[in-house]
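[1] Everything below, folded, please.
(chains A and B)
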Amino acid sequence: MRIRDILVMGLKSLSRRKARTILTVLGVVIGSLSIIIMRSIGYGMENNFETQVMQQGGLTTITVNTYGDIYDEDGNWIDSKQQKLDERLVEQIRQIEHVRTVSPVIQVGTTLQSGKYQGWAHITAMDMETFDDFEFPELTMGEYPTAQDPTAIIFGFNTPYEFYDTTARGRGHNTKEIDLLKDKIVLKFQGYPTNERKKEFSLPLKNIAKMEQTNGEFDYNTYMDINYFKKIYMEYCNTLNLEDRKKAIKVLDEYQQIKLNVDNIDNVTKVQDEIAALGYQSYSQMQFLEPLQQASETLQMVLGALGAVAMIVSAISIANTMVMSIYERTKEIGIMKVLGCVIRDIRKLFLFEAALIGLLGGIIGVIFGYLASWLINKFGQPLFGALMSGNWMYDMENTSFSIVPIHLPILALGVSIAVGLLSGYFPARRATKISAIEAMKTEG
Amino acid sequence: MNDKAETVIEVKNAKKIYRMGTERIYAVNNVSFKIKKGEFCCLYGASGSGKSTLLNLMAGIEKLTAGQVIIKGKNIRKMSEKGLAIFRQNNLGFVFQSYNLLNSMTALENVELPLTFKHMKPKVRRKMASDMLTKVGLGSRLKHKPKEMSGGQQQRVGIARAFVANPEIVFADEPTGNLDSKTSKEVMDLIVDMARKNNQTIVMVTHDRRLAEYADKIIHIFDGKVEKIEIKSEIKDENQEEDLLEEIAGDVVYNDQSRGTIFKEQPVTG
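    Next comes the predicted model:
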């Protein structure tokens, strides 16, 4: 038989038994739909997971803190220890294999003043050469510091915070949104009183830049180049009393953090081990990622298994339909065989019908799958909120609980057709085994 | 008829044994005969005599237990299932007692079916099928389903289907079994007429003596064996004596002696 003839005959015999075809297709729809829903929730989790981790900082970034936290294998905090971070350690870390960039980090709280209004900024000073490697975000205003002009101060998306009216009394502070372009702002350091004989340190901010929103740590910090920062800090120290100066200057000798970037995500743990060998406790997202990823994988497997069960049920349903169809058409098959229909054509006919049921069910399932995904994202929040409560991975406001990547419908369609073919194969084989003469004698 | 008509079907020591529990039933027991091209051969016998089984063996629908069936020089027992299917497509046509039309298809589609199996193009085969249906007098009923037609009409569709691919041999199993005598005669005339035009060989199974009279050669089957073979006078065979009586078809005469030479267990001859 020609392929066209097989297609036409298959379509006709499916449309002749409409009710049963529809019911079987429905079975496949439920199967493929559940696969899509389950997988899409899985992908949603995975995606959340990744974006949340990304927001915390790059996955290849390792941080060594003055107060190093010690965690057990499951990521639970056990203890902290104080460790001395200095230039010597920076150099040692730089020597470790796979380390791409290292930067010491100085963090100092500062006051920003604009007329009678006052705000504050937490300055993070890092080597400007490493900004690119740590994936600093795009700027919406101003420029990153350069060798020619290292004076830039870069505000994260959420900084500077609101400025308060320092002259106002009582609780009802007057606040003001500062316009970084128009308002004059000066930077001051806190903590130590100025030497009476000297003028108080204050730095007018002229070269101001602002980052775009990242939903990550960049949004809450203010950055500067570390060398320029050292310079202005030294100027500040010079305005202090001798004793205070000694204390204040320590900030420059012992860093608050050392940040480093590893060339590949797979090497993060290795580099952390090397740093541990130097006697320092370090921190990376990977530590948290692994146990969480395992938990997420387990959950996804459970979801996947649920989808698979539904698919198996629909496979049984297709097989049942095909078996019934063959019983009904035994006579037809017998006649076709006697008239000289090649067995392979009969098998093709039945396989085509089964595959078509799978395909139809798959297509409808995919359409409903997209619909369901949309509904879950729109109305699923209370449910998922309850299920995932306490899970820091979920940002309840902006989360997509269900994500349907393009390969998912293709997978669902493929599985549906495969289920159709597979569950149609054995009945089809049976059909061809029927003795023609016996088949013709049956009623039909 | 041609004296030296070639042998189209040769049955040699055919046996078909069924097992019913421990019992062995010899449905066809050591049967041998030959059928020549263009011959109208009738397998005649009472029900249960094994004549239908014999027909099925000859058509390759059932498998021989022992012996050989050679059609057009080919031993069908040695053919693969696919080979047999293709052989049927090209050489055999079938007419059944219960018509065996596909109820889901129209008359035209039913007649088209054997051509469909032969990979013919839709346009060509539709033309052939509708021509054939017109020939059997159903030109106006192409789009009708079998259930919408009378028994006679259904059997005409069956005949059209059997002849549409112009097969060399047509097997007919009690083709008029479900029809009244008037319709039976029409249907028989149609079969004979069609076969004669194209010099096609017909093998028909019947238990009806009147239908058997249409045949050139009547093979009497009894208890799975050939009881005797009747050959009509106008057919000349090398083995036959020349003194066969003139005989009129349709005349119900049960005197075998008056009808021709009687062979019992006819020997195999070239």
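
[2] Please name the nearest non-neighbouring residue to residue 26.
    Went with chain A since none was named. When the adjacent residues along the chain are set aside, residue A:26 lies closest to residue A:361, with 7.3 Å between them (Cβ to Cβ, 6 or more residues apart in numbering or on different chains). For every residue, glycine as well, the C-beta is placed using N, CA and C.

[3] Chain B, not that one
    Once flanking residues are discounted, residue B:26 sits nearest to residue B:224: 4.9 Å by Cβ to Cβ, 6+ apart.

[4] mind listing what that neighbour touches?
    Residue B:224 makes contacts with B:16, B:26-29, B:31, B:49-50, B:53, as judged by Cβ atoms under 8 Å, 6 or more residues apart in numbering or on different chains.

[5] about what we covered before: ok, the residue nearest to residue A:26 touching residue A:29?
    Yes: taking Cβ atoms under 8 Å as the definition, residue A:361 is a contact partner of residue A:29 at 4.8 Å.

[6] The two: which is more packed in?
    In terms of neighbours (other Cβ atoms under 10 Å in any protein chain shown), residue A:361 is the more surrounded of residue A:361 and residue A:29; the figures are 29 against 23.

[7] Quick check, pLDDT for that one.
    Turning to residue A:361, the model gives it a pLDDT of 92.

[8] so it, which of the three states?
    Using DSSP: H, G, I helix; E, B strand; the rest coil, the structure places residue A:361 in helix.

[9] how close does it sit to residue A:406?
    Here the criterion is Cβ to Cβ, to the nearest Å. By it, residue A:361 lies 20 Å from residue A:406.

[10] Over to residue A:235?
    If you go by Cβ to Cβ, the gap between residue A:235 and residue A:406 works out to 57 Å.

[11] Equivalent analysis for residue B:73, please.
    Taking Cβ to Cβ as the measure, residue B:73 and residue A:406 are separated by 61 Å.

[12] Let me see the ranges of the strands in the stretch 1-150 of chain B.
    B:7-20, B:23-36, B:40-44, B:66-71, B:74-75, B:92-95 (DSSP state E, counting those that start in this stretch).

[13] what does the shortest one contact?
    By Cβ under 8 Å, 6+ apart, the residues outside strand B:74-75 that reach it are B:68-69, B:87.

[14] Weed out the non-buried ones from the residues you listed.
    If you count burial by 16 or more other Cβ atoms under 10 Å in any protein chain shown, the buried members of the contacts of strand B:74-75 come out as B:69, B:87.

[15] Near chain A, list only the ones from the contacts of strand B:74-75.
    residue B:87 (Cβ under 8 Å from any Cβ of the partner chain).

[16] tally of neighbours for residue B:197?
    Taking other Cβ under 10 Å as the neighbour definition, residue B:197 ends up with a count of 10.

[17] and the residue of the stretch 251-400 of chain A nearest chain B?
    Each residue of the stretch 251-400 of chain A has a distance to chain B, by Cβ to the nearest Cβ, and the smallest belongs to residue A:340, at 3.5 Å.

[18] How is that residue assigned, secondary-structure-wise?
    Reducing the assignment at residue A:340 to three states with three-state DSSP gives coil.

[19] Report the contact partners of it.
    The neighbourhood of residue A:340, defined by Cβ under 8 Å, 6+ apart, consists of B:85-90, B:92, B:114, B:117-118.

[20] mind running it again at 10 Å?
    For residue A:340, the contacting residues are B:84-94, B:113-114, B:117-118, B:165, B:167, by Cβ atoms under 10 Å, 6 or more residues apart in numbering or on different chains.

[21] Confirm residue A:113 sits in a strand?
    Yes: using three-state DSSP, the assignment for residue A:113 is a strand.

[22] So chain A: which segments form each domain?
    With automatic domain parsing serving as the domain definition, the record reports that chain A contains domains spanning A:3-55+A:290-441, A:61-284.

[23] Okay, now the longest one: how far is its last residue from its first?
    To tie it back to what came earlier, the one meant is domain A:61-284. The stretch domain A:61-284 measures 6 Å between its terminal residues, going by Cα to Cα, to the nearest Å.

[24] quick one: average confidence on it?
    82.

[25] For chain A, which segments count as helices?
    Counting by DSSP state H, chain A has helices at residues A:3-16, A:18-56, A:87-95, A:226-237, A:242-253, A:268-277, A:285-328, A:330-338, A:343-379, A:381-387, A:407-433, A:436-441.

[26] so the fourth one versus helix A:242-253, what angle?
    Per axes from the mean of the first three to the mean of the last three Cα atoms, to 10 degrees, the angle that helix A:226-237 makes with helix A:242-253 is 170 degrees.

[27] For helix A:226-237, buried residues please.
    The neighbour-count criterion (16+ other Cβ under 10 Å) identifies A:226, A:228-229, A:232-233, A:236-237 as the buried residues of helix A:226-237.

[28] any chance of the residues you listed in a markdown table, with distance to chain B too?
    What follows is these, written out as a markdown table (distance: Cβ to the nearest Cβ, whole Å):
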| residue | distance to chain B |
| --- | --- |
| A:226 | 81 |
| A:228 | 84 |
| A:229 | 84 |
| A:232 | 89 |
| A:233 | 90 |
| A:236 | 94 |
| A:237 | 96 |
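
[29] Which of those residues sits closest to residue A:150?
    The shortest separation between residue A:150 and any of the buried residues of helix A:226-237 is 4.2 Å, and it belongs to residue A:228 (by Cβ to Cβ).

[30] For residue B:12, give its distance to residue A:208.
    With the distance defined as Cβ to Cβ, residue B:12 ends up 108 Å from residue A:208.

[31] what do you get for residue B:172?
    In this view, residue B:172 and residue A:208 are 102 Å apart by Cβ to Cβ.

[32] neighbour-wise, which of those two wins?
    Set residue B:172 next to residue A:208 and count neighbours by other Cβ under 10 Å: residue B:172 wins out with 29 against 17.

[33] which residues does residue B:204 contact?
    Listed by Cβ under 10 Å, 6+ apart, the contact partners of residue B:204 are B:40-44, B:51, B:55, B:95, B:170-176, B:188, B:191-192, B:195, B:211-212, B:214-215, B:218.

[34] if we go to 7 Å?
    Shown in contact with residue B:204 (Cβ atoms under 7 Å, 6 or more residues apart in numbering or on different chains): B:42, B:172, B:175, B:215.

[35] Among those residues, list the two that are farthest apart in space.
    The largest separation in the contacts of residue B:204, counting by Cβ to Cβ, is between B:175 and B:215 at 12.4 Å.

[36] Neighbour count: those two, which is higher?
    It is residue B:175, of residue B:175 and residue B:215, that has more neighbours when counted by other Cβ under 10 Å, with 28 against 24.

[37] where are the low-confidence patches of chain B?
    Judged by pLDDT under 70, chain B has its weakly predicted residues at B:1-4, B:233-270.

[38] This completes my enquiry, with thanks.
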